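In: Provided below for reference: sequence and predicted model.
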Amino acid sequence: MSGFVATVRHEVLSARRERMPQALLVVFLGMVTISSLIGWLTHRTVTSVWQTTVAAGLTTAPDPFAQATPLSYVGNVVIYVILIGALLAIVLGVSSTLRGRRSRTTDLILSRPVDVAVHLGAKLAGMALWLGVVLAMAATLTWLSISLILRGALGAGDTARLVSFFALAWAFLLIFVVLGMLSGVHGSRETSALLLPIVAWSVITFVLPQLGTAALPVSLLNPVAAVPVQGAGFALVQQVVGPFALAEQFKTLSGTLLGTGGAGSVGTAAAALAIALAVGLLALLGTKRDHLRRDLRD
Amino acid sequence: MNDIAISTTGLSKSYGDKQALDGLDLEVPAGEVFGLLGHNGAGKTTTVNLLTTLLQPTGGRMMIGGLDGSSNPDGVRRIIGYLPENVQFYDNLTTLENLRYFGRLSGLHKPDARIRQVLEYLDFAGHENERVGTFSKGMRQRVGIAQAILHEPQVLFLDEPTSGLDPQGVRQLREIIVGLNHDLGMTIFMNTHLLSEVTKTCTSIGVLTAGQLRYHDSLEATLRAFPGESSLEDIYLHLDSSRVA
């Protein structure tokens, strides 16, 4: 067995044994499972209010959910991926690279015929595999819960779009795994190594989207992308910082896949996420041996 | 196998203005247990880090088992075993899981049989499925020795192997080191500041002070060369004080 495969297996095993990722995993899967139920109850309540209002002759507006797809029930999963999933990914990434420094096994590994880029790539592949399994479980639970609500199996087209959404979520979360791994390599202390990517995540998710949109922080918890404010100044700011607001870009692409709509260009969103992942990978795989060997200060 | 296990010529390492190792010329024949003595900061760990290819030298050359450490570091890594000071291992994993990982990194495709053989040899069988996080320092050192010899290296590097061990642990580890040399013919390079251990374990010694090798000879010749000194400790202090003088 090659060192690459050995490290992939080792990462998956280690991630399975650590408590923090497990706790976040349980929360994530729990929220995903009840997401469809929440979506269905919301649809039912709003439709009921609409029917009552129409019956009373108070409105002639069409059914707000007349055009809604079955996948719109799981719109909230988008925000669970951004909030809980990203934190899970950061914890996984930080743990992955801090583990060797904490246990002082990095020197043991580097005293073997191991290439640093291959080693870190294998670690990332292990995390990617672990996340892939988690998201496959989430996709299955979602598919089952929507099918239960619909009292019939979800159609092939919608199933394909659901799978595409979870594949997108996987790619989005990999960005945060890489961010966490980089912080685990370069952080001087365990606490700062965990804190820094969380700060970066909060900036990406809550600060950047506000620059150029009229979004209030709480409205950024909506699963649809915030609408940019009209006006030359805001448009310029939005053009500059918008692509870095990765959570909003993820919402744009998710809205297209799930049929929940939202603002933003699909092309820009896809490019922003792909570039962020590529830059992160380059930084990670370019890590020098000496950086891996640095002792923690705490 | 090469007759000379470790050979260095002018091996140096500096960090900016600080010279951590200054022109080390050393030859350790195969089959020796070599003890590198020196006080804290003398450059012992830097020497081991260079010899295990963890650090790049800023000058000089080194050969391990006939392989050039600069041009063929992966070749060197395949024929050495290494136990750093204070290694903890992965607490959440069992002995077997830890050793499987390091065995596979060392190129063993199906390491389980070899792991059981090594644990048996180290008198550590029965602990395969226990988590390393529950182990004492002495038990961890056995896991450490096990990972270092799984792939049957030609040269084994031990950095302060008895550090933090209780007297019983020190004795057990000493028996293991002597056994590895006698039974398996392994060349062992050991950093230590415990002079009593050197007397009982090593066949040759070197004394490093301020990054320079001040002395190198067989233990027997050393004890003969200083008839006025009653112990290796006195000899070491004599050599070390001559540096100050």
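Out: Received the coordinates, thanks.
In: Okay, buried residues for the lowest-mean-pLDDT helix or strand in chain B please.
Out: Every helix and strand in chain B was compared by mean pLDDT, DSSP states H and E; the lowest is helix B:232-244, with a mean of 73. Residues B:232, B:235-236, B:239-240 are the ones in helix B:232-244 that count as buried (16 or more other Cβ atoms under 10 Å in any protein chain shown). All C-beta atoms are positioned from the backbone trio N, CA, C, and that covers glycine.
In: Mind putting the residues you listed into TSV with distance to B:G211?
Out: TSV is the format used below for these (distance: Cβ to Cβ, whole Å):
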residue	distance to B:G211
B:L232	22
B:I235	21
B:Y236	17
B:L239	15
B:D240	14
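In: Write out the residues of chain A neighbouring chain B.
Out: A:1, A:3, A:5-7, A:9-10, A:13-14, A:17-18, A:99, A:102-105, A:107-114, A:289, A:293 (Cβ under 8 Å from any Cβ of the partner chain).
In: Buried among those? Need that as a selection in ChimeraX.
Out: Buried residues among the residues of chain A next to chain B (16+ other Cβ under 10 Å), as a ChimeraX selection:
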select /A:1,3,6,7,9,10,13,14,17,99,102,103,104,105,107,108,109,110,111,112,113,114,289,293
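In: Quick one: mean pLDDT for stretch B:94-114?
Out: Averaged across stretch B:94-114, the pLDDT comes to 95.
In: Distance across that stretch, terminal residue to terminal residue?
Out: 16 Å (Cα to Cα, to the nearest Å).
In: quick one: contacts of it?
Out: With contact meaning Cβ atoms under 8 Å, 6 or more residues apart in numbering or on different chains, stretch B:94-114 is reached by A:1, A:3, A:5-7, A:9-10, A:13, A:108-109, A:112-114, B:78, B:89-90, B:93, B:115, B:118-119, B:124, B:127-132, B:143, B:146-147, B:150-151.
In: how about it: buried residues?
Out: Buried residues in stretch B:94-114 (16+ other Cβ under 10 Å): B:94-108, B:111, B:114.
In: cool, and stretch A:266-284?
Out: A:269-270, A:272-273, A:276-277, A:280-281, A:284.
In: Now that stretch: average pLDDT?
Out: Here the average pLDDT along stretch A:266-284 is 96.
In: now do stretch B:80-91
Out: Stretch B:80-91 comes out at a mean pLDDT of 91.
In: is that stretch up against chain A anywhere?
Out: Yes. Interface with chain A: stretch B:80-91 contributes B:80, B:82, B:84, B:86-91 (Cβ under 8 Å from any Cβ).
In: so of the residues you listed, which ones are in strands?
Out: Here DSSP state E is the test, and the residues of stretch B:80-91 next to chain A give B:80, B:82 as lying in strands.
In: chain center to whichever strand or helix holds B:S14, what's the gap?
Out: B:S14 is part of strand B:4-15, with elements assigned from DSSP states H and E. Here the centre of strand B:4-15 is set off from its chain's centre by 15 Å, with Cα atoms, centre = their mean, to the nearest Å.
In: Please apply the same query to stretch B:125-142.
Out: For stretch B:125-142 - counting by Cα atoms, centre = their mean - the centre lies 21 Å from the chain centre.
In: Just the endpoints, please. Distance across it?
Out: End to end - Cα to Cα - stretch B:125-142 spans 11 Å.
In: which residues are in contact with that stretch?
Out: By Cβ under 8 Å, 6+ apart, stretch B:125-142 touches B:83, B:87-96, B:98, B:115-116, B:119, B:122, B:124, B:143, B:161, B:164-166, B:168-169, B:172-173, B:176.
In: What subset of the residues you listed is buried?
Out: For the contacts of stretch B:125-142, buried by 16+ other Cβ under 10 Å: B:83, B:87, B:89-96, B:98, B:115, B:119, B:122, B:124, B:143, B:161, B:165, B:169, B:172-173, B:176.
In: sorry, back to before: export the residues of stretch B:80-91 next to chain A as JSON lines, with columns for distance to A:G187.
Out: Formatted as JSON lines, those follow (distance: Cβ to Cβ, whole Å):
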{"residue": "B:I80", "distance to A:G187": "30"}
{"residue": "B:Y82", "distance to A:G187": "25"}
{"residue": "B:P84", "distance to A:G187": "21"}
{"residue": "B:N86", "distance to A:G187": "20"}
{"residue": "B:V87", "distance to A:G187": "21"}
{"residue": "B:Q88", "distance to A:G187": "18"}
{"residue": "B:F89", "distance to A:G187": "21"}
{"residue": "B:Y90", "distance to A:G187": "19"}
{"residue": "B:D91", "distance to A:G187": "20"}
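In: Quick check: the farthest pair among the residues of stretch B:80-91 next to chain A?
Out: Farthest-apart pair in the residues of stretch B:80-91 next to chain A is B:I80 and B:D91; separation 25.7 Å (Cβ to Cβ).
In: tell me the contacts of B:D240?
Out: Contacts of B:D240 (Cβ under 8 Å, 6+ apart): B:39, B:207, B:209, B:214.
In: from those, which are also near chain A?
Out: Counting by Cβ under 8 Å from any Cβ, no member of the contacts of B:D240 reaches chain A.
In: and those residues, which are buried?
Out: Buried among those by 16+ other Cβ under 10 Å: B:207, B:209, B:214.
In: Hmm, the second one is touching B:L37, no?
Out: No. With contacts counted by Cβ atoms under 8 Å, B:T209 stays clear of B:L37, the gap being 9.3 Å.
In: low pLDDT regions in chain A?
Out: Scanning chain A with the threshold set as pLDDT under 70 gives A:1, A:214.
In: Relative to B:Y236, how far out is B:V207?
Out: 6 Å (Cβ to Cβ, to the nearest Å).
In: Next, show the common contact partners of these two.
Out: In contact with both B:V207 and B:Y236: B:L37, using Cβ under 8 Å, 6+ apart.
In: which one of the buried residues of helix B:232-244 sits closest to B:N191?
Out: Using Cβ to Cβ, the buried residues of helix B:232-244 come closest to B:N191 at B:Y236, 13.9 Å.
In: Report the secondary structure state of the closest residue to A:S72 other than its chain neighbours.
Out: Among residues not flanking A:S72 along the chain, A:T260 sits closest, at 5.2 Å (Cβ to Cβ, 6 or more residues apart in numbering or on different chains). Look at A:T260: counting by DSSP: H, G, I helix; E, B strand; the rest coil, its state is coil.
In: what about A:T260, how many residues close to it?
Out: Using other Cβ atoms under 10 Å in any protein chain shown, A:T260 has 22 other residues around it.
In: Make sure I have this right: A:S14 is in a helix.
Out: Yes. The assignment for A:S14 by three-state DSSP puts it in a helix.
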